[in-house]
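> Quick one, fold the following:
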Amino acid sequence: MEDAGDPITNDLITEEDDPPPYPFSHCYMNIDGFMCCNRFLESLMRKSFRKLQIGEHFHECSVQKIANKIQSDSEHVFNTTFETVVGIDDFAIRAHFAGDLMCKIQEGGRFITNYATMMPSRIGVRPDPLAVVTNMEINTRDGNKKPSPIDPATPNQLDGAVQHVQVPDQKRPRIIKENIPFHEKSREDIENDNLITRR
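Numbering: from 1, shown residues only. Below you'll find the model as predicted:
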């Protein structure tokens, strides 16, 4: 008689902790190895951090100052409320976010997650125009290491797959900046001049 194994446990099935699939087809893994669903939001987060970093009173331990700056810049540009979490080490997060406004990056040795919330909670911010509420689960980067079946020659980021969320009766979000002399502009600022309005 063959031994069928212990009837209480199933030794034939092994569970693997796979990272959850991306919530949208246009979500991607950024250069830091984390999921983002909106390239404009990722760029805004990196610019906000770098502007804060070159300021006079910046200190790397000021995680609350970093979170406040990125949150306020995101709320100003996208006209909805955001939650921003900054850590000195990698962390896992599970939350709900509105639309495709979610991104996690690593900048300046800090791990930053920024996502649009479902309901506005600040005075002066209009109700959230984004109807889609999405579940999000991001594990730590070390927990996601697994041999990839994808050919390394295949690009991980498909720029053509990015779709922007646009509310029909709302103007396109714009960054409001002061006039910057041309010789001080970065290449990215020059390329994105059509997204910038000046006071």
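> partner strands of the helix or strand residue 114 falls within, parallel or antiparallel?
When elements are assigned from DSSP states H and E, residue 114 belongs to strand 110-116. Sheet partners assigned to strand 110-116 using DSSP bridges are listed as strand 82-87 (antiparallel), strand 102-107 (antiparallel).
> Please list the residues outside it that contact it.
Applying CB atoms under 8 Å, 6 or more residues apart in numbering, the external contacts of strand 110-116 come out as 41, 45, 49, 60, 63, 66-67, 70-71, 74, 78, 80-91, 93, 95, 97-99, 101-106, 128, 130, 136, 138. To be clear about C-beta, it is placed using only N, CA and C from the backbone, and glycine gets the same treatment.
> neighbours of residue 76, just the number please.
By the other CB atoms under 10 Å criterion, the neighbourhood of residue 76 contains 14 residues.
> Mind listing what's buried along the helix or strand containing it?
According to DSSP H and E, residue 76 maps onto helix 63-78. By neighbour count, with 16 or more other CB atoms under 10 Å as the criterion, the buried positions of helix 63-78 are 63, 66-67, 69-71, 73-75, 77-78.
> can you check stretch 107-118 too?
Counting neighbours by 16+ other CB under 10 Å, one finds that the buried residues in stretch 107-118 are 107, 110-118.
> for stretch 33-51, same thing?
Within stretch 33-51, the residues that qualify as buried are 34-49, counting by 16+ other CB under 10 Å.
> so where is this protein shaky, pLDDT-wise?
1-24, 118-199 (pLDDT under 70).
> I'd like to know how many residues surround the residue lying closest to residue 34 once chain neighbours are set aside.
Taking CB to CB, 6 or more residues apart in numbering, and ignoring the residues beside it in sequence, residue 34 has residue 104 as its nearest neighbour in space, at 3.9 Å. By the criterion of other CB under 10 Å, residue 104 has 24 neighbours.
> Could you list the alpha-carbon positions for stretch 46-54 in PDB?
What follows is the C-alpha trace of stretch 46-54 in PDB, where atoms were taken according to Å, rounded to 0.1, in the frame of the first residue of the first chain:
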ATOM      1  CA  ARG A  46      11.300  63.400  -6.900                       C
ATOM      2  CA  LYS A  47      11.300  67.100  -7.800                       C
ATOM      3  CA  SER A  48       9.700  68.000  -4.500                       C
ATOM      4  CA  PHE A  49      12.200  66.000  -2.500                       C
ATOM      5  CA  ARG A  50      15.200  67.500  -4.400                       C
ATOM      6  CA  LYS A  51      13.900  71.000  -4.000                       C
ATOM      7  CA  LEU A  52      13.500  70.400  -0.300                       C
ATOM      8  CA  GLN A  53      17.000  68.800  -0.100                       C
ATOM      9  CA  ILE A  54      18.800  71.900  -1.600                       C
END
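> Great, nothing more from me.
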